[in-house]
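Participant: here is a sequence with its predicted model. Questions after.
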Amino acid sequence: MIVNLDNPISLFESHLNKPDNKYILLSAPFGYGKTYFLNDFFTNRKEKYKTFWLSPVKYVVGQNEDIFEYIKTDIAIQLLACPELISENKPDFSEGSFLYQYILKNSREIATTILQVIDNIDIPDDFNTPEALLVKKGSKLLLQGLASIKSYEAWKKKLNKSFKSNRDDIYDFASKQDKVTGSIYEEDLITQSIQLALETIKIQHKVNTDYSDTEDIIDIENVLIIDDFDRLDPEHIFRILNILSVHRGSKDGEDKFGFDKLIIVCSIDNIRNIYKHKYGENVDFNGYMEKFYSSEIFHFNNQSAISYHCQSLFSEELNQDTIALLGILLSFFVETNKISIRSIIKYNKSYKVNAFDLGSFKIPAFSIHDPNAHIYSFFPSGSTNQKFTTGYGKYFNSKVNSFSIKSGDFPLFQIIPILTTIFGDYKHFREEISTLTNRHMSIPIDKTTIFLAAFLPIIHFISCWNNDKADDIIFSLGKGRYTLGSGQDVFEMQRPSSNVFGDSVSIPIKWDKDNLYNSSHSYYESTFENFPKNVNFSVYNSHLSKKTISSLVTILEFLEKKSLLDKIGITN
């Protein structure tokens, strides 16, 4: 498998912004970090998206017809927390204004109550005047009149009902469905309030945003995310899908509440298996599911997940090339079932490996007379004994007689502790990769240089250390051999090179006549960064694919033998 190192964030953003891409299905197996990815994506884009999250797994205890009531409740609770819906200019009505509005809307009930009170008053004999009797009789008459009006209105309503047309009957029936809980046509006061609130959020965003520095006004989009969709009861899954499907045909394809985008998060493979179990093998699953996403399915797959999590988890510890190297290694271990994506996501250990000496070595005894010349090695004529008697060079300061190699020059010393943590412990890591030494690891052609730069210098160094050839660490002899009149043979001394991964490759040490080496630096300093990017190293790809894991084992054996594991933060 070739890991795709394109940034999944930019891929998803491009997918999200496709024209008319309102219904989105994001698919990945359980444990791939879909929720973490989406949360991170939208958290960093709050100026453009307002998100509402549903996790219907908790609805499993409810009845099928109650599902949309639970959804409305969840959305309503999240809307209550939206600052855009909290009005700072609440109208302040006086008590008199409230009283006036109440009397205006309830005048008949108020009049009836007053007249009933008057009618029930017992008039004492001392006040039994013609005027008082007139008031009593008037109130009774008015009460009878109000009762007659009420009776008349009831009769009128009944009569009108008998005169209804078929159209009126159909309208009444359809109107009742708006109020039926769980109906796919339900649009009660709460549903309408949610629709209005979502529109208010968009309006308030425009009002509250300062567009003085830009010409373009960006409309915020309300996004509903239904998470863990494939973990629902099958009946709930297909009820929600069917209701969503029904409402795509109304209001210009809007969903029930008027969200700008709706994202379903699941594993499409799980949904497919559930569908076939429920409806049978011969039912067209693809035709059914195509109704629920506007464009193609966005697959947050193995490769995308690893790339994303490497970028988000290790960007502060590693440079981009080292992250790419780590990502390809992790992809290989996931593919071979040695680790899971979830074990990568759970990585939370952050530390920097402090550089330490891997070894200090004597520079061969020869004189440096001309720093502008090449380094030459002189041997007695016909001799094969490589003893240096004199020489000229361009790499060393004339006062330097030793060199050192430091751990910081090898990015694998930063990667190995991360791999150990993800695998659980060093013993498990060591045992698992030892079983993979004969497996080929697919390396993207354009990442060949990164692997060569990471593995070649350290493997070359270890090989020289194992064979007690310190001289080979700092230079290699050129192919030319010349005989001087003095009876000495001359060899040109070149940068160190190795043929570990095929033909000989020069290790690009940074020292030259303008930058002479001194012992305060590591001799291999910056070789990882110095590997030429304009050289086509693809010829080494197949060798690297065969030897990457065995080379990693060699490095671990070196660290163990030299008791250096603790130096990179590993307890064996």
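Facilitator: Looks like it came in fine.

Participant: which element follows the helix or strand of the chain with the lowest mean pLDDT toward the C-terminus?
Facilitator: Of all the helices and strands that make up the chain, strand 375-380 has the lowest average by mean pLDDT, DSSP states H and E, namely a mean of 44. On the C-terminal side of strand 375-380, the closest following helix or strand by DSSP states H and E is strand 402-406.

Participant: now the element after that next one, going C-ward?
Facilitator: Counting by DSSP H and E, what follows strand 402-406 is helix 412-423.

Participant: packing partners of that following helix?
Facilitator: In this structure, helix 412-423 makes packing contacts with helix 320-335, helix 341-345, helix 426-434, helix 448-466, helix 541-561, judged by 3 or more C-beta pairs under 8 Å, 6 or more residues apart in numbering; DSSP states H and E. Using the backbone N, CA and C atoms, a C-beta is placed for each residue, glycine as well.

Participant: weakest of these by average pLDDT?
Facilitator: Mean pLDDT values for these show the minimum at helix 341-345, a mean of 85.

Participant: show me what that helix is packed against.
Facilitator: helix 302-314, helix 320-335, helix 412-423.

Participant: next structured bit after that helix?
Facilitator: Helix 341-345 is succeeded, C-terminally, by strand 357-362 (DSSP H and E).

Participant: direction included, what does that next one pair against?
Facilitator: Strand pairing for strand 357-362, using DSSP bridges, gives strand 402-406 (antiparallel).

Participant: what does the strand it pairs with contact?
Facilitator: With contact meaning C-beta atoms under 8 Å, 6 or more residues apart in numbering, strand 402-406 is reached by 355-363, 461, 473-474, 517, 519, 522-525.

Participant: redo that, cut-off 7 Å
Facilitator: Contact with strand 402-406 is made by 355-363, 461, 473-474, 517, 519, 522-524, as judged by C-beta atoms under 7 Å, 6 or more residues apart in numbering.

Participant: repeat for stretch 15-23
Facilitator: I24, G253, K261, L262, F292, Y293, S294, S295, F298.

Participant: gap between the two ends of that stretch?
Facilitator: 11 Å (C-alpha to C-alpha, to the nearest Å).

Participant: and it, average pLDDT?
Facilitator: Stretch 15-23 comes out at a mean pLDDT of 89.

Participant: how about that stretch: buried residues?
Facilitator: H15, L16, K22, Y23 (16 or more other C-beta atoms under 10 Å).

Participant: what's opposite the last one in the beta bridge?
Facilitator: With DSSP bridges as the criterion, the beta-bridge partners of Y23 are L262.

Participant: any idea how far F298 is from it?
Facilitator: According to C-beta to C-beta, to the nearest Å, Y23 stands 11 Å off from F298.

Participant: for I339, give me phi and psi.
Facilitator: phi -140, psi 170 (degrees, to the nearest 10).

Participant: please apply the same query to F259.
Facilitator: According to degrees, to the nearest 10, F259 has phi -70, psi 150.

Participant: so what's it up against?
Facilitator: L198, N222, V223, L224.

Participant: and the second one, that one's in a helix?
Facilitator: So the one you mean is N222. No - going by DSSP: H, G, I helix; E, B strand; the rest coil, the assignment for N222 is strand, not a helix.

Participant: ok, it touching L198?
Facilitator: Yes - applying C-beta atoms under 7 Å, one finds N222 in contact with L198, separated by 4.9 Å.

Participant: any chance of TSV for the helices and strands packed on helix 412-423, columns distance to K150 and mean neighbour count?
Facilitator: What follows is the helices and strands packed on helix 412-423, written out as TSV (distance: least, C-beta to C-beta, whole Å; neighbours: other C-beta atoms under 10 Å):
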stretch	distance to K150	mean neighbour count
helix 320-335	77	22
helix 341-345	69	19
helix 426-434	84	16
helix 448-466	88	22
helix 541-561	91	18
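
Participant: closest to I418 out of these?
Facilitator: Shortest distance between I418 and the helices and strands packed on helix 412-423, using C-beta to C-beta, is found for helix 320-335: 6.6 Å.

Participant: output the contacting helices and strands for that closest one.
Facilitator: helix 302-314, helix 412-423, helix 448-466 (3 or more C-beta pairs under 7 Å, 6 or more residues apart in numbering; DSSP states H and E).

Participant: tell me what angle that helix forms with helix 541-561.
Facilitator: Helix 320-335 runs at 90 degrees relative to helix 541-561, counting by axes from the mean of the first three to the mean of the last three C-alpha atoms, to 10 degrees.

Participant: how distant is helix 320-335 from the center of its chain?
Facilitator: 17 Å (C-alpha atoms, centre = their mean, to the nearest Å).

Participant: now do stretch 194-201
Facilitator: Distance, centroid of stretch 194-201 to centroid of chain: 28 Å (C-alpha atoms, centre = their mean).

Participant: next: stretch 15-29.
Facilitator: On C-alpha atoms, centre = their mean, the centre of stretch 15-29 falls 14 Å from that of its chain.

Participant: that one spans what distance, first to last residue?
Facilitator: Stretch 15-29: ends 19 Å apart by C-alpha to C-alpha.

Participant: and if you look at stretch 222-237?
Facilitator: 23 Å.

Participant: next one: stretch 521-540
Facilitator: With C-alpha to C-alpha, one end of stretch 521-540 sits 30 Å from the other.

Participant: can you check stretch 23-37 too?
Facilitator: First-to-last residue span, stretch 23-37, C-alpha to C-alpha: 18 Å.

Participant: with stretch 509-519 instead?
Facilitator: Note: stretch 509-519 ends 14 Å apart using C-alpha to C-alpha.

Participant: buried sites along it?
Facilitator: I509, W511, L516, Y517, S519.

Participant: dump those residues to JSON lines, plus pLDDT and secondary structure.
Facilitator: JSON lines is the format used below for these (pLDDT from 0 to 100; DSSP: H, G, I helix; E, B strand; the rest coil):
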{"residue": "I509", "pLDDT": "89", "secondary structure": "coil"}
{"residue": "W511", "pLDDT": "81", "secondary structure": "coil"}
{"residue": "L516", "pLDDT": "78", "secondary structure": "coil"}
{"residue": "Y517", "pLDDT": "81", "secondary structure": "strand"}
{"residue": "S519", "pLDDT": "82", "secondary structure": "coil"}
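
Participant: now, among these, which is nearest to D230?
Facilitator: For the buried residues of stretch 509-519, the nearest to D230 is I509 (54.2 Å; C-beta to C-beta).

Participant: can you check the pLDDT for the closest residue to that closest one other than its chain neighbours?
Facilitator: Nearest residue to I509 in three dimensions, chain neighbours excluded: R495, at 5.6 Å (C-beta to C-beta, 6 or more residues apart in numbering). The model reports R495 with a pLDDT of 82.

Participant: show me the contacts for R495.
Facilitator: Here R495 is in contact with F475, S506, I507, P508, I509 (C-beta under 7 Å, 6+ apart).

Participant: out of those residues, list just those in strands.
Facilitator: Among these, the members found in strands (DSSP state E) are S506.

Participant: before we move on, back to that, determine which two of the contacts of stretch 15-23 are furthest apart.
Facilitator: G253 and F298 (19.3 Å).
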